[in-house]
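[1] fold the following and give me the result.
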Amino acid sequence: MSRVIRAALLSALLACTALGGCISEGSDGDVSVDPIEPGLVGLDYVECMVHEELERCWNVLVPQTLDPEVEAPMVIDLHGNTLTMAEQRALSEFDEIAEDNGAIAVWPQGHGNSWNAGYCCSTAGEMGLNDTGLILEIMDRVAANHSVDEDRVYLTGWSNGCALSQKLANEHSDRFAAIACMSYYLLDDPAPQYSSIPIMEIHGLVDQIILYSNDAIHLPNVEAQEHGAVQNLIQWAEMNGCQGTLPDSNSPSEFYSVQSYTDCDNGTEVSLVTLYAADHNPYEETFDPDGPLIFIGNGGTVDTNGIAWEFLSRFSKSAPQENATRLI
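    Down below sits the predicted model:
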């Protein structure tokens, strides 16, 4: 099925779900869609609940190839600011990765097409929404309906969604096995409860929205000046107790390079993937919204979502010391 058709179907499904009004009271007094019958596979559906007095929805893909008796990894893919969950799914193609690798994939929808991930630039941030709490509840609801390996829950996403991925990793590291996301940074101070997990950030060297060097051109404040791709790599390395002041692995190729700290607490790694010719959109596909901005993809020169999945899938919270050979 083409990406355009998939996006259109998801948009239609979301509209039907919102109009259907099939809701019930949730555990925290909020309202939620009646649960999906547990144990089913071959599903692609949208579920909604009311969270903080707002209707919040998410798309779940449970591939037909899964064995309902065997726990499967789950990857949560968070859209960028102004995008929808359907657009993120079409852009990242994590539905194909889930189908090919036997994973459950989840695309949540942010309020106002945005997430509260810190100081930067979103409707959800201005409203102070508890988007970390939302994602955790979505995880719990998916795990209640399907056979999820909770030692292999992964985060990915783009831009504002990447910032929320890192915020979730920082504040709730006990819930995630690894994150690998695109084009943004951790916008908060290290949380006291953080415990080392593997982190990868993928960034275009000529990103015109979230600059590779720092945020300051778009966000003229002190915090923004402290956040760039290299600074983000170093901060996560410090948080993960990585040995050495510089990355101990540098793997250049024709179109990108990977700098990594590989000797870190809990058998973790911290990596920065730099795409030499990519702008804000590091994916293969071009994002062409209705507005004036068109984010050109890398045209197939770098399989960034494949790099992200290869990194993520090596790690499990249950046996970090048994992780497969690292990405080179």
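
[2] double-check that residue 45 belongs to a strand.
    Yes - the secondary structure assignment for residue 45 places it in a strand, going by DSSP: H, G, I helix; E, B strand; the rest coil.

[3] that one - nearest residue in space that isn't next to it in sequence?
    When the adjacent residues along the chain are set aside, residue 45 lies closest to residue 60, with 5.8 Å between them (CB to CB, 6 or more residues apart in numbering). The way it works is simple: take the backbone N, C-alpha and C, and place the C-beta from them, glycine included.

[4] so residue 154 sits right up against residue 177, yeah?
    Yes - with contact defined as CB atoms under 8 Å, residue 154 reaches residue 177; the gap is 5.9 Å.

[5] need the overlap of contacts for the two.
    Shared contacts of residue 154 and residue 177, defined by CB atoms under 8 Å, 6 or more residues apart in numbering, comprise 73, 312.

[6] which pLDDT value does the model give residue 7?
    Among the per-residue scores, residue 7 holds a pLDDT of 41.

[7] go on, residue 327?
    At residue 327, the model reports a pLDDT of 45.

[8] ok, residue 296 next?
    Per-residue confidence for residue 296 comes out at a pLDDT of 86.

[9] numbering from 109 from now on, please.
    OK, 109 is where the count begins now, so the last one is residue 404.

[10] quick one: contacts for it?
    If you count contacts by CB under 8 Å, 6+ apart, residue 404 has them with 387, 389, 394.

[11] relative to residue 200, which of those is nearest.
    When the contacts of residue 404 are compared for distance to residue 200, the smallest value, 10.5 Å, is given by residue 389; criterion: CB to CB.

[12] list the contacts of the closest one.
    Contacts for residue 389 were tallied using CB under 8 Å, 6+ apart; they are 199, 266, 291, 312, 395, 403-406.

[13] show me just the buried residues among these.
    Neighbour-count burial (16 or more other CB atoms under 10 Å) applied to the contacts of residue 389 gives 199, 266, 291, 312, 395, 403, 405-406.

[14] contacts only, for the residue nearest to residue 220 when sequence neighbours are not counted.
    Among residues not flanking residue 220 along the chain, residue 231 sits closest, at 3.3 Å (CB to CB, 6+ apart). For residue 231, the contact set (CB under 8 Å, 6+ apart) comprises 219-222.

[15] what would those look like in CSV with secondary structure?
    Formatted as CSV, the entries for the contacts of residue 231 read as follows, by three-state DSSP:
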residue, secondary structure
219, helix
220, helix
221, helix
222, coil
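
[16] so which helix or strand takes in residue 158?
    strand 151-159 (DSSP states H and E).
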